[in-house]
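Trainee: this one's structure only:
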């Protein structure tokens, strides 16, 4: 088997699948949370709330998914629970642009979504073959 064949073997496909699952699970969580926000926030139209949610996907979603993938690829030695907790703190900070919102619901729900993603939805370890900690 050539080196090219080894690079796209079952291990690499599994890692790429876990990366895709990471991005897809965050996007679905984000859409669900912003659907709730659009329904709950008073004096706002549903369509306007969803437009803000899509805009916030750029400010919160892209950095969150990139952080999860880069940290998941780079880190190999920490227990999974501690890894999720330590990665959850910077992920919650990505909700910072919502501090200026007119009501508290968007900030609170986005922070809860960030914490839920770090605690349950983020696939960890991202590369199980390289993991040296306790899974």
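Mentor: Alright, I've got the coordinates. Only a predicted model underlies this, so the values are computations on that prediction, with no experimental measurement involved. Numbering: from 1, shown residues only.
Trainee: From now on I want contacts and neighbour counts done on CA atoms only, so please keep to that.
Mentor: Will do.
Trainee: List the buried residues in the top helix by length along the chain.
Mentor: Identified as the longest helix of the chain according to DSSP state H is helix 10-40. Neighbour-count burial for helix 10-40, counted by 16 or more other Cα atoms under 10 Å, picks out 15, 18-19, 22-23, 25-27, 29-31, 33-38.
Trainee: other SSEs contacting that helix?
Mentor: helix 46-56, helix 62-74, helix 105-116 (3 or more Cα pairs under 8 Å, 6 or more residues apart in numbering; DSSP states H and E).
Trainee: in this structure, what spans have low per-residue confidence?
Mentor: Applying pLDDT under 70 to the chain flags residues 1-10, 130-131, 133-135.
Trainee: let's see it at 50
Mentor: 1-2, 5 (pLDDT under 50).
Trainee: residues touching residue 46, list them.
Mentor: By Cα atoms under 8 Å, 6 or more residues apart in numbering, the contact list for residue 46 reads 35, 38-39.
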